[in-house]
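>>> Next input, structure requested:
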Amino acid sequence: GPKLFKEPSAKSNKTIIHNAISHCCLAGKVNEPHKNSILEVIEKCESNHLMILFRDAGCMFRSLYSYFPDTEEIHKVTGTGPKSISKKMIDKLYKYSSDRKQFNVIPAKTVSVSVDALTIHNHLWQVKRPSVPKKSGK
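Residues are numbered from 1 along each chain as shown. From the prediction side, this is the model:
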């Protein structure tokens, strides 16, 4: 469809992502070391717009991506997942609700700066690295 011109915005969702990771994705004592390392990465990240990659609708944190609205590119910053995510790979888009401390599915197919998290199609997770055959030395 026709592209609507959007005024370039310096608005960042870092605070939202920071809160989402602290209160939702990696909340609790057990996740503290992981949470702190991710929050540190967020602080150092140059990108204004970040996205969380979930394993599935269970909203399990997998990795952090940075999103570039001008090129619509999504590149991995840290975590487990593909180096970059293309439009074809995206399954669902999510927006974080700070007041309810939860993610809600956005009924949209296109990534924009209003997206805080996403999932990729399940088959993309099934990528197994070629394993080295184990030596059966007795």
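
>>> does the residue positioned nearest the centre of the chain have beta-bridge partners, and which?
In the chain, the residue lying closest to the centroid (Cα atoms, centre = their mean) is I52, at 1.9 Å. I52 has these beta-bridge partners by DSSP bridges: L64, A117.

>>> Ok, F103 next?
Note on F103: beta-bridge partners Y96, judged by DSSP bridges.

>>> give me every residue that touches the nearest residue to S97 once chain neighbours are set aside.
Nearest residue to S97 in three dimensions, chain neighbours excluded: N104, at 5.8 Å (Cβ to Cβ, 6 or more residues apart in numbering). In this view, the C-beta of every residue, glycine as well, is placed from N, C-alpha and C. Listed by Cβ atoms under 8 Å, 6 or more residues apart in numbering, the contact set of N104 reads Y94, K95, Y96, S97.

>>> now for these, which pair is the farthest apart?
Y94 and S97 (9.7 Å; Cβ to Cβ).
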